[in-house]
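Peer 1: sequence below, structure please.
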Amino acid sequence: MPSTTVGGNNCDAWYLVNDDQLSVIEELMPPGAAEIRHHHTKAQQFFFILSGEIIMEVEGETTLVAAGSGIRVLPGKKHQIRNPSSSTVRLLVISHPRSHGDRIDE
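Peer 2: Take a look at the predicted model:
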């Protein structure tokens, strides 16, 4: 599984599905990591937490998302994921259509 840097947060991530209409990324987010606040013009995303918990901020509202649950982010919504815990978080990031090239950092 090739490793990539996702969102500048030094996470290990790899594509499980990668085509124009859908991407599924499995990601390991280390303790204290945070993605840059951004939005997508076309892609909607669903973040599903496999282990650990994250804080997702969407348009100024924060939500704690624990293992076994997820959160949907619609196109155009500014969002930022972070791992405030002392443990690595494992998650899936599902984007439709593919979010690569569709990201605008704040």
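Peer 1: which residue is the nearest non-sequential neighbour of Q80?
Peer 2: The shortest distance from Q80 to any residue that is not its chain neighbour, by Cβ to Cβ, 6 or more residues apart in numbering, is 4.1 Å, and that residue is R37. Heads up, the C-betas are built off the backbone N, CA and C, glycines and all.
Peer 1: the one you found: how many residues sit nearby?
Peer 2: In terms of burial, R37 registers 15 neighbours under the definition other Cβ atoms under 10 Å.
Peer 1: with P31 instead?
Peer 2: Around P31 sit 12 other residues, with neighbours defined as other Cβ under 10 Å.
Peer 1: what of G68?
Peer 2: Other residues near G68 come to 10 when the count uses other Cβ under 10 Å.
Peer 1: that one against I49, yeah?
Peer 2: Yes: under the contact definition of Cβ atoms under 8 Å, G68 touches I49, with a separation of 7.0 Å.
Peer 1: distance check, the residue nearest to Q80 against D105.
Peer 2: Taking Cβ to Cβ, to the nearest Å as the criterion, R37 is separated from D105 by 7 Å.
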